[in-house]
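S.K.: quick one, what's the 3D model for this:
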Amino acid sequence: MRQNHYATKQLENPPQRRAQGQNQVSRKMSDWNFSRTLLTAFCLLGLTAASGPESKTKDVVLKIGIVQRFGEQPTAKLQLEPSKGDRLKLRFKTGNREQTLVTQNPLKLEIAMQALPQPAVDEVLVLGTYRTFETAEDSAQHWRSQGIEVEIAQPERWQVWAKRDVYNTPLLRRLLLQGLQGSSQNTAYLDTKISPKLPRVSWVINGKHYSRNNVKISTDKNLIRVNKTDKPENARLYAGQMNLQPNAYGTYTLVNEVPLETYLRGVVPYEIGTNAPTASVEAQAILARTYVLRNVRRFAVDNYQLCADTHCQVYYGLNGVAPNTDRAIAATKGMVLTYQNQLVDALYSSTNGGVTASFSDIWNGEDRPYLKPVVDASINIWDLSRQNLADENNFQKFISLQKGFNESDWDLFRWRKETSIEDITKGLQKFLQVKKSPYSKFKTIQAMAVLKRSDSGRILELAVKTDIGVFTLHKDEVRSAFAAPISTLFYIQPLNKGKSSLWGYAFIGGGFGHGVGLSQTGAQNLAKLGWSSPKILQFYYPGTQIKILSNEIQP
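M.R.: Residues are numbered from 1 along each chain as shown. Modelled structure (predicted):
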């Protein structure tokens with residue numbers, strides 16, 4: 001099940017997942033770019049206007065980065081091999097001539113650090129660093145509205161860059177930076193790397209050594225095993241073709257070209273688990289299909305569409321396929337979730353702590369009318385209209401409730417974590433350094449306090465008083481700044497532990513992940529109560545409709 005952006009396996013179910021509006025110019029640019037991308041995907045589907053559930057579709061081929069930054073570590077290795085009785089076909093260019101090599105043996109890819117005649121200089125102007133794509137995209141729209149061309153990248157954290165092919169000289173980048181600093185927008189900085197060596201991919205086939213930046217790898221059976229370790233049991237089986245290609249960071253990405261419905265076979269088991277009740281698995285399949293079609297723009301800077309971890313959706317290939325999840329995918333083939341004939345922003349998380357969040361509770365940007373606070377219970381346990389969770393007293397009373405919710409039986413429905421002031425200080429300093437904040441130079445924390453909550457109880461502003469001043473953390477920054485909270489649905493208590501001075505803080509809260517949209521654990525409980533997948537989706541996304549994908553459905 002999903003824990004949002006940093007996942008480890010929990011229980012038997014695997015991993016899980018903008019409040020200023022943009023001006024009209026920004027929205028139109030973003031909408032146009034997004035529409036163009038998604039309409040391209042629709043064209044690939046070969047769709048005609050749907051007349052109902054019998055409408056036929058062809059499967060779109062997706063480009064998923066399954067190994068995103070190969071070569072970041074000089075010792076990195078990859079092994080690709082065909083299934084038994086099959087063979088690998090490698091296609092690449094030597095000069096202007098395309099060459100094809102065939103082998104039944106595994107293909108081993110390694111990194112060789114190539115010394116350069118003179119050091120290579122790689123420089124980008126970073127306009128901001130963010131925890132999530134959603135926040136980065138809102139920032140990108142803000143910059144575009146000011147006439148600055150940008151692109152979204154993910155060298156590690158999500159970043160917004162001044163577009164490299166526009167600001168393509170040191171002078172242009174410095175002039176832009178100077179202009180931004182003059183207007184007090186001081187989050188921008190130049191990231192300049194000088195490298196005497198660069199990673200080059202190296203591989204051997206049929207006794208010959210090769211080094212090519214772009215290689216297409218396929219098999220007759222359309223199946224390839226990929227292993228990032230020396231242990232055979234860690235190999236993952238993928239359908240489709242593999243492309244090894246350079247990315248925007250001087251390293252390489254292994255991209256899996258895979259049909260949409262086959263891709264879902266490698267997503268649904270890892271997102272909700274193979275033993276989940278049928279209705280919840282069907283709901284997950286519809287959401288996963290909707291999510292990928294709405295998010296094909298994420299990695300345009302690297303020439304692929306989606307990643308394979310919890311920054312997107314967990315996609316681990318065909319190792320985990322199961323009859324239960326395959327039946328749910330087949331039963332919902334072509335189905336997507338829509339609002340007013342548009343694909344919804346199909347966000348979901350592991351567990352929400354008893355109440356779902358609005359989009360703007362977590363990220364900057366416009367709210368979605370179908371993503372709003374819903375008490376996650378099948379009975380009337382809390383009335384948000386009378387007991388608003390923006391009120392601190394109401395919120396703490398809500399968090400004290402343990403029973404009656406759809407998620408009550410899960411360990412992370414409620415949690416308490418204590419952290420020393422020393423550990424809080426170290427984590428916060430590291431977070432601020434990544435953001436290039438002037439407050440990263442603070443030495444001591446004197447106090448912390450929640451200043452503002454949303455109607456769903458999520459922290460919107462948390463103030464930190466330090467020896468060099470007071471600064472405020474906003475929304476999902478809170479989870480990046482501190483190690484303890486695994487959602488923004490919490491309150492803090494100062495702890496002395498018998499000392500005269502502050503020992504640290506207790507973080508007391510609920511939920512695991514951002515809490516927007518469907519709760520995977522909540523959906524399973526509703527399915528056990530006999531709810532159908534349409535009813536579950538309507539509960540978490542009020543006012544939406546399930547439709548067969550067609551040209552009538554807009555981005």
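S.K.: low-scoring pLDDT stretches of this structure, where are they?
M.R.: Applying pLDDT under 70 to the chain flags residues 1-58, 182-186.
S.K.: count the neighbours of the closest residue to Thr192 other than its chain neighbours for me.
M.R.: Leaving aside its sequence neighbours, Thr192 sits nearest to Glu123 (Cβ to Cβ, 6 or more residues apart in numbering; 4.4 Å). Glycine gets a C-beta too; all of them are placed from N, C-alpha and C. Neighbours of Glu123 under the rule other Cβ atoms under 10 Å: 15.
S.K.: then Ile468?
M.R.: For Ile468, using other Cβ under 10 Å, the count is 13.
S.K.: check contacts around it.
M.R.: Tyr439, Lys441, Phe442, Lys443 (Cβ atoms under 8 Å, 6 or more residues apart in numbering).
S.K.: doesn't Leu190 make contact with the residue nearest to Thr192?
M.R.: Yes - at 6.1 Å, Glu123 counts as touching Leu190 under the criterion of Cβ atoms under 8 Å.
S.K.: so the residue positioned nearest the centre of the chain, which state does it fall into?
M.R.: Against the mean C-alpha coordinate of the chain, by Cα atoms, centre = their mean, the closest residue is His311 at 1.9 Å. Following DSSP: H, G, I helix; E, B strand; the rest coil, we place His311 in the coil state.
S.K.: so the residue lying farthest from the centre of the chain: helix, strand or coil?
M.R.: The centre of the chain is farthest from one residue, Ser500, which by Cα atoms, centre = their mean lies 42.9 Å away. Here Ser500 is coil, with the state taken from three-state DSSP.
S.K.: for the one 5 residues further on, same thing?
M.R.: Put simply, Tyr505 is strand when judged by three-state DSSP.
S.K.: any idea how far Asn496 is from it?
M.R.: To Asn496, Tyr505 is 11 Å away according to Cβ to Cβ, to the nearest Å.
S.K.: quick one, which of these two is more surrounded?
M.R.: Tyr505 (21 against 10).
S.K.: which ones are touching the more buried one?
M.R.: Glu418, Thr419, Ile421, Ile424, Met448, Ile492, Gln493, Pro494, Leu495.
S.K.: so the first one belongs to a helix, correct?
M.R.: No - secondary structure of Glu418, determined by three-state DSSP: strand, with no helix assignment.
S.K.: for the closest residue to it other than its chain neighbours, what are its contacts?
M.R.: Leaving aside its chain neighbours, Glu418 sits nearest to Ala506 (4.9 Å; criterion: Cβ to Cβ, 6+ apart). By Cβ under 8 Å, 6+ apart, Ala506 lies in contact with Arg416, Lys417, Glu418, Ile492, Gln493, Leu495.
S.K.: could you give the bridge partners of the last one?
M.R.: What that stands for is Leu495. As for beta bridges, Leu495 partners with Gly504 under DSSP bridges.
S.K.: pretty sure it contacts Glu418?
M.R.: Yes - with contact defined as Cβ under 8 Å, Leu495 counts as touching Glu418 (6.4 Å).
S.K.: find residues that contact each of these two.
M.R.: Gly504, Tyr505, Ala506.
S.K.: nearest to Lys216 among these?
M.R.: Distance to Lys216 across those (Cβ to Cβ) is lowest for Tyr505, with 52.6 Å.
S.K.: could you point out the longest strand in this protein?
M.R.: In the chain, assigned by DSSP state E, the strand with the most residues is strand 107-130.
S.K.: and Ile194, that's in a helix?
M.R.: No - per three-state DSSP, Ile194 lies outside any helix segment and is strand.
S.K.: any idea how far the closest residue to it other than its chain neighbours is from Glu233?
M.R.: Using Cβ to Cβ, 6+ apart and skipping residues adjacent in sequence, the residue nearest Ile194 is Pro119, 5.0 Å away. Distance, Pro119 to Glu233, by Cβ to Cβ: 41 Å.
S.K.: what residues sit buried inside stretch 451-463?
M.R.: Within stretch 451-463, the residues scored as buried using 16 or more other Cβ atoms under 10 Å are Arg453, Ser454, Asp455, Ser456, Gly457, Arg458, Ile459, Leu460, Leu462.
S.K.: which other residues reach that stretch?
M.R.: Under Cβ under 8 Å, 6+ apart, the answer for stretch 451-463 is 19, 355-358, 360-362, 373, 384, 388-392, 395, 398-399, 448-450, 470-475, 478, 487-490, 515.
S.K.: of those residues, select the buried ones using a PyMOL command.
M.R.: Per 16+ other Cβ under 10 Å, the buried members of these correspond to this PyMOL selection:
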select buried, resi 19+355+356+357+358+360+361+362+373+384+388+389+395+398+399+448+450+471+473+475+478+487+488+489+490+515
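S.K.: now, the contacts of stretch 451-463 that are in helices?
M.R.: Per DSSP state H, helices hold the following members of those: Ser360, Asp361, Ile362, Glu392, Phe395, Phe398, Ile399, Val478.
S.K.: tally of neighbours for Arg294?
M.R.: 21.
S.K.: look up phi and psi at Asn496.
M.R.: phi -110, psi -30 (degrees, to the nearest 10).
S.K.: before we move on, what about Ile64?
M.R.: phi -110, psi 120.
S.K.: what is the burial count for it?
M.R.: Ile64: 26 neighbours (other Cβ under 10 Å).
S.K.: so which residues of the stretch 151-300 of the chain form helices?
M.R.: With DSSP state H, counting those that start in this stretch as the criterion, the stretch 151-300 of the chain has helices at 170-182, 260-265, 268-272, 278-294.
S.K.: so which of those is the most packed in?
M.R.: Comparing the helices of the stretch 151-300 of the chain by mean neighbour count (mean count of other Cβ atoms under 10 Å), helix 268-272 ranks first with a mean of 29.
S.K.: other SSEs contacting it?
M.R.: Applying 3 or more Cβ pairs under 8 Å, 6 or more residues apart in numbering; DSSP states H and E, one finds that helix 268-272 contacts helix 278-294, helix 323-331, helix 520-528.
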